[in-house]
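In: just the structure for this:
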Amino acid sequence: MAAAADLKFAMEDLSKEFEHETGTKIDVTIGSSGNFFAQIQSGAPFDLFFSADMEYPKRLESAGLTEPGTLFEYARGQIVIWTPPDSPVAVAKLGWNGLLDSRVQKIAIANPALAPYGRAAVSALQKAGIYEQVKGKLVYGENISQAAQFVQSANAQAGIIALSLALSPGMKKGTFWQIPAEMHPPIEQGAVMLKGAKNKTAALAVLSFMKSPAGKRTLENHGFSVPGSD
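Out: Numbering: from 1, shown residues only. As a prediction, the model looks like this:
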């Protein structure tokens, strides 16, 4: 299974739960959705593709590389402004104004040309009316994981990252302010079974599990909003 970088920690729990429930182990490879898209087009032997961007599985479906009827939106990503534990900027109280603080010299985001989280960050900054003021501070990660690494390793003083990463073990001691969902286009994330899947029965079982109350609950616990859930 190929899974987007923002799913790293959610997939660890989902895999354990699925194995416990079914006795079947899932082999998960974590990486960039765009890179996986290119690899799958070139014949990479994945059974399932969990993308952070719905457009990639849609394009694979259009190219006839997926099993008909298996594509679905499994989650929507959420974004936050995150600062490290030792940050002097109280971003949880200041929200957008925290990014205007002179002590925040660099703000990490995913590259908007490549990543839906980056496009959402730019859109939200524009809607907040501060994009022109902060665009000179922006530094770009190839994907949302790399953007999170930039701020986690003090190469940036703040980052606009996935809530799923802000809640992860290595980052949960930091401080974050959640950006309202209406301030950016929805980060629609899609899953699909690939045409060349070697174990279609197990792959279908994984997709069913992701749609189940238990699967949805785990995704929500990891900072995703799930279609069809209250």
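In: from here on, just use CA atoms for contacts and neighbour counts.
Out: Fine.
In: quick one: pLDDT of the spatially closest residue to residue 65 that is not a sequence neighbour?
Out: Counting by C-alpha to C-alpha, 6 or more residues apart in numbering, residue 65 lies nearest to residue 195, which is 5.2 Å off, once chain neighbours are set aside. Predicted confidence (pLDDT) for residue 195: 95.
In: cool, residue 229 as well?
Out: At residue 229, the pLDDT value in this model is 55.
In: now residue 173
Out: For residue 173, pLDDT reads 94.
In: when you give positions from now on, start the count at 340
Out: All set: I'll call the first residue 340, so the last point we hit is now residue 512.
In: wait, what's in contact with the nearest residue to it once chain neighbours are set aside?
Out: Of all residues not flanking residue 512 in the chain, residue 424 sits nearest, at 5.8 Å (C-alpha to C-alpha, 6+ apart). With contacts defined as C-alpha atoms under 8 Å, 6 or more residues apart in numbering, the neighbours of residue 424 are 512, 513, 514.
In: tell me how many other residues surround the residue nearest to residue 404.
Out: Other residues near residue 534 number 18, with proximity taken as other C-alpha atoms under 10 Å.
In: now do the contacts for it.
Out: 386, 403, 404, 405, 406.
In: please report how far the closest residue in space to the second one that isn't next to it in sequence lies from residue 469.
Out: Yep, that's residue 403 we're talking about. Distances taken as C-alpha to C-alpha, 6+ apart put residue 534 closest to residue 403, at 7.7 Å, once the chain neighbours are dropped. Remark: distance between residue 534 and residue 469 (C-alpha to C-alpha, to the nearest Å) = 45 Å.
In: list the contacts of the one helix or strand residue 555 maps to.
Out: Using DSSP states H and E, residue 555 sits within helix 552-560. Contacts to helix 552-560, defined as C-alpha under 8 Å, 6+ apart, come from residues 349, 352, 353, 414, 548, 549, 564, 565, 568.
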